[in-house]
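> Fold the stuff below for me.
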Amino acid sequence: MQDIHFGSITPLRSLPKRIEAAHYNRVRLALRRLACPLRLEIPRQPVDMILDERRWVALHLGEAPLLTWMDFQVKDRSALHEPVVCTLHLYHYQAGLVMGKVLDALIQELDRRLKQ
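Sure, this is the predicted structure:
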């Protein structure tokens, strides 16, 4: 996949975040089994996701960046059940309100696709 460039768009905020181990592991499994990179629409959310080994990007209405999870700190992770620290970039003033819903909907969609 070509690298995603947001041009002159810079995040409104960047903050450290912890991803639950189950969520991180599910995305990694999907990238191995389905495709890498992986692009998918999230049902019931006006969001498309582009996932690869380095970052997970949520695009509002398939175009404008909304959220990006990146810089996953997995080198010091000693077990698969431990959460993963990363950096979360927020590109929209209300992105913080939907980040949990987007992540949960992503995991549900990945579970659905992995069962097919």
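> residue boundaries of the strands in this structure?
13-19, 38-42, 47-51, 55-60, 64-73, 84-90 (DSSP state E).
> Any regions of this structure where pLDDT drops low?
Of all residues in the chain, those with pLDDT under 70 make up the ranges 1-8, 62.
> between the strands of the chain, which one is nearest to A105?
strand 38-42 (4.7 Å; CB to CB). C-beta here means a position set from N, CA and C on the backbone, and glycine is covered the same way.
> Give me the contact list for the closest one.
30-31, 47-52, 58, 62, 102, 105-106, 109, 113 (CB atoms under 8 Å, 6 or more residues apart in numbering).
> wait, which of those is closest to H81?
A30 (18.5 Å).
> any idea how far that closest one is from D76?
With distances taken as CB to CB, to the nearest Å, A30 is found 24 Å from D76.
> try L34
28 Å.
> Repeat that for L12.
In terms of CB to CB, L12 sits 29 Å off from D76.
> more crowded one of these two?
L12 (12 against 7; other CB atoms under 10 Å).
> What backbone torsions are found at that one?
phi -70, psi -30 (degrees, to the nearest 10).
> Now it. Nearest residue, chain neighbours left out?
L90 (5.4 Å; CB to CB, 6 or more residues apart in numbering).
> need the contact list for the one you found.
By CB under 8 Å, 6+ apart, the neighbours of L90 are 11-15, 67, 96, 99.
> so what's the most centrally placed residue in the chain closest to, chain neighbours aside?
Nearest to the mean C-alpha position of the chain, by CA atoms, centre = their mean, lies W56 at 3.1 Å. Excluding its sequence neighbours, the residue lying closest to W56 (CB to CB, 6+ apart) is W69, at 4.4 Å.
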